[in-house]
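A.B. asks: what follows is a predicted protein model with its sequence.
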Amino acid sequence: MASSYGIMSPATKKSCCHHISQKRRPRLCLALAIGTYLSCHQANAFSLPSSLSKKLNTMPSQSLNIKFVSTMPSSSSTALYATPSPSLISSSNHWGNVAALSFTASLAQLLGKKTLVGKLLGAPVTAMAVAFVLSSVGFMPSLLSTSATTTEWMTILPPGGSPSASFLQTISLTLATPLLLLGTSLRGNALRQCGSLLGSFFIASFGTLAGAMIAFSINTIPRALLASVPNQDGLKIAAALLAKNIGGGINYMAVCSCLNASPESIAAGLCVDNVMALVYFPLVSVLASKYKDVVDDDDDDDGLIEKKENDESNEKNDSSSELSPVESLSHAFTLAAVLTAGGQFINSKLHYVTTNPLNLSLPITTLLTVIFSTYYPPNMFLSPTSTKKRSDDAKSNSIAKAGETLGTSLLYLFFATAGAPGWRLKESIQQSFPSIATFLIILYGVHGSVLWSLKKLVEVTKMDKSKYWKKVIAPQRLLTASSAAIGGPATAAALAQSNQWESLLTPSLLVGNVGYALATFIGLLFYGAANKSFL
């Protein structure tokens, strides 16, 4: 029907236009005219006659997706510019994108430790910011520029993201979920080690949930979230932030993935939450510096000090059965792959149960991992827990530690891919910042108020005479529990270690893992309730 130049013959053109309605015929003919005109020009900017430009600019914007820009203020013609920006690494260069994003994830960890800005933002947000710059800011003149008057600057990563970045984002989050949960055992022995800190953590988590519920009781906040967050993802991001401030970043991403939140919305939520964290964590550190370690003689969870003779004998007994680093990493990856496959398989069968199933592969994988870590026998092949000969307590072994290492590195890679769309994220972050920040201010404020009010209530009612409540409301435990809920187990452990709270170091990691196990489901339940109320 068309020649090699894309121009129709008169007979063919007449035959085609015969089947087109009178209303659409002018648009098609005008588009054909533009195509014919542009096919004869091989420049970056095409100058169109002023009469044709006026006709195009008066047409509805939906009819043609073309942007016309005046070449000069005094000129009567209009220029049509090609919009794609050049990049050093093209979007089709798979391994180039993988290498650049992997380097970004590693660089962010260094900047997070060595620079003032990196310490303020944190390594995850630093990874996202570096990737944002690499895909938004031109670093060198383009060698392929065809314009004689303007210089095009090449970015390193392709603007708008790439298929490789999307693939890395999916695979990193999918595998990081089971890897980070391999050490999460909810057996009685593990919970007993948490002791009274577990009660403090549940109170802190309730404070986070109460903050989200109070924020949504003010109708203007959920309405503003729906209006300002891209693609009406406001409720999804609020549910994900609730999960994040009970568990951690992995729960935030799991909820976003399950609810199919857009990349722009995900990035906006992460940025605003980290701005709030810049206020929260320094405040917690200042408050924590006033207190010394708490040690209770009759509390098994806080002592965590074994006799030296038992330690030495256990080390000798375990040294022969300890897995090598290669074995530990290999076993951890195997478990993550098997558990992920199980979650994906169960999720694929949900259409038999419901007509409109959500993508629950990550929550199902989370549940499978927690069940496996809790009930799979210790000291067996691929078991992430082990017991010492003189103790029946199951503890995380080298497989769980290898899983944590791999999972954490994958999370850094994920945050790098979150910033890969580049300048495309700017408008969404600016637009949604006020509504998300308002939601988080209420959430954080109620979270802290619940902890403070409970402490005062126990003291006023003289419930602190009970040994259990006295331990639960101890400032050291409340601050550690709050840090575990808002920042995750690593943040809580860092707080305990920086203040030399040795008795709370191990329990802080354990309660943080409990948050990992529960937070995704709490976020999804919250979204289900909010969705019925506001949509």
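C.D. replies: Sure thing, it's come through. Residues are numbered from 1 along each chain as shown.
A.B. asks: residue 163 and residue 91 touch, don't they?
C.D. replies: Yes - using Cβ atoms under 8 Å, residue 163 is in contact with residue 91, at 6.8 Å. Every C-beta, even on glycine, is put in place using the N, C-alpha and C of the backbone.
A.B. asks: and residue 116, how many neighbours?
C.D. replies: Using other Cβ atoms under 10 Å, residue 116 has 8 neighbouring residues.
A.B. asks: please give me every residue in contact with it.
C.D. replies: For residue 116, the contact set (Cβ atoms under 8 Å, 6 or more residues apart in numbering) is empty.
A.B. asks: picking up where we left off before, of residue 163 and residue 91, give the one with the bigger neighbour count.
C.D. replies: residue 91 (18 against 12).
A.B. asks: just confirm that one is within a helix.
C.D. replies: No - under the criterion used here (DSSP: H, G, I helix; E, B strand; the rest coil), residue 91 is coil, not part of a helix.
A.B. asks: use 35 as the first number for this chain going forward.
C.D. replies: Fine by me, first position is 35 from now on; the one you just mentioned is residue 125.
A.B. asks: verify the stated contact: it with residue 200.
C.D. replies: No - under the criterion of Cβ under 8 Å, residue 125 is not in contact with residue 200, lying 10.3 Å apart.
A.B. asks: isn't residue 550 up against residue 214?
C.D. replies: Yes - taking contacts as Cβ under 8 Å, residue 550 lies within contact range of residue 214: 6.5 Å.
A.B. asks: which neighbours do the two have in common?
C.D. replies: Going by Cβ under 8 Å, 6+ apart, residues that sit against residue 550 and also against residue 214 are residue 284.
A.B. asks: what's the following helix or strand after the helix or strand harbouring residue 374?
C.D. replies: Using DSSP states H and E, residue 374 falls within helix 359-382. Downstream of helix 359-382, the first helix or strand assigned by DSSP H and E is helix 395-409.
A.B. asks: next, the angle helix 359-382 makes with that next one.
C.D. replies: Here the directions of helix 395-409 and helix 359-382 differ by 130 degrees (axes from the mean of the first three to the mean of the last three Cα atoms, to 10 degrees).
A.B. asks: next secondary structure after helix 395-409?
C.D. replies: strand 419-421.
A.B. asks: any idea how far that following strand is from the chain center?
C.D. replies: 31 Å (Cα atoms, centre = their mean, to the nearest Å).
A.B. asks: okay, now the sheet partners of it, with direction.
C.D. replies: strand 428-430 (antiparallel) (DSSP bridges).
A.B. asks: for the stretch 235-384 of the chain, just list every one of the helices.
C.D. replies: For the stretch 235-384 of the chain, the helices defined by DSSP state H, counting those that start in this stretch cover 254-262, 268-278, 283-292, 297-322, 334-337, 342-353, 359-382.
A.B. asks: between those, which gets nearest to residue 190?
C.D. replies: helix 297-322 (18.6 Å; Cβ to Cβ).
A.B. asks: and that closest one, what does it pack against?
C.D. replies: helix 150-155, helix 157-168, helix 268-278, helix 283-292, helix 432-452, helix 458-494, helix 509-521, helix 523-532 (3 or more Cβ pairs under 8 Å, 6 or more residues apart in numbering; DSSP states H and E).
A.B. asks: and it with helix 509-521, angle?
C.D. replies: 170 degrees.
A.B. asks: buried residues, helix 297-322. List them.
C.D. replies: 297-311, 314-315, 318, 322 (16 or more other Cβ atoms under 10 Å).
A.B. asks: can you count the residues close to residue 360?
C.D. replies: Residue crowding around residue 360 was assessed by other Cβ under 10 Å; the count is 9.
A.B. asks: ignore the last one, residue 419
C.D. replies: Neighbour tally, residue 419, other Cβ under 10 Å: 26.
A.B. asks: is it true that residue 188 lies in a strand?
C.D. replies: Yes - assigned with three-state DSSP, residue 188 falls within a strand.
A.B. asks: quick check: it touching residue 123?
C.D. replies: No - counting by Cβ under 8 Å, residue 188 stays clear of residue 123, with 9.4 Å between them.
A.B. asks: which one of the two has more residues nearby?
C.D. replies: Between residue 188 and residue 123, counted using other Cβ under 10 Å, the more crowded position is residue 123 (23 against 17).
A.B. asks: from residue 539, how far out is the residue lying closest to the more buried one once chain neighbours are set aside?
C.D. replies: Using Cβ to Cβ, 6 or more residues apart in numbering and skipping the chain neighbours, the partner closest in space to residue 123 is residue 130 (4.1 Å). Distance of residue 130 to residue 539, given as Cβ to Cβ, to the nearest Å: 42 Å.
A.B. asks: same question, residue 280
C.D. replies: The gap separating residue 280 from residue 539 is 21 Å, by Cβ to Cβ.
A.B. asks: which of these two has more neighbours?
C.D. replies: The residue with more neighbours, out of residue 280 and residue 539, is residue 280; 29 against 18, by other Cβ under 10 Å.
A.B. asks: mind listing what that one touches?
C.D. replies: 239, 242-243, 519, 549, 552-553, 556-557.
A.B. asks: can you redo those residues as JSON lines with distance to residue 136?
C.D. replies: JSON lines is the format used below for the contacts of residue 280 (distance: Cβ to Cβ, whole Å):
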{"residue": "239", "distance to residue 136": "34"}
{"residue": "242", "distance to residue 136": "33"}
{"residue": "243", "distance to residue 136": "37"}
{"residue": "519", "distance to residue 136": "31"}
{"residue": "549", "distance to residue 136": "29"}
{"residue": "552", "distance to residue 136": "32"}
{"residue": "553", "distance to residue 136": "28"}
{"residue": "556", "distance to residue 136": "33"}
{"residue": "557", "distance to residue 136": "29"}
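A.B. asks: can you pick out the most distant pair from those?
C.D. replies: Maximum pairwise distance among the contacts of residue 280 (Cβ to Cβ): 12.9 Å, between 519 and 557.
A.B. asks: show me the shaky parts of the stretch 435-569 of the chain.
C.D. replies: Within the stretch 435-569 of the chain, the stretches falling below the threshold (pLDDT under 70) are 457-458, 498, 569.
A.B. asks: for the helices of the stretch 235-384 of the chain, which one sits closest to residue 512?
C.D. replies: When the helices of the stretch 235-384 of the chain are compared by Cβ to Cβ, helix 297-322 sits nearest residue 512, at 9.5 Å.
A.B. asks: got the angle for that closest one vs helix 523-532?
C.D. replies: Note on geometry: by the same axes, to 10 degrees, helix 297-322 and helix 523-532 are set 20 degrees apart in direction.
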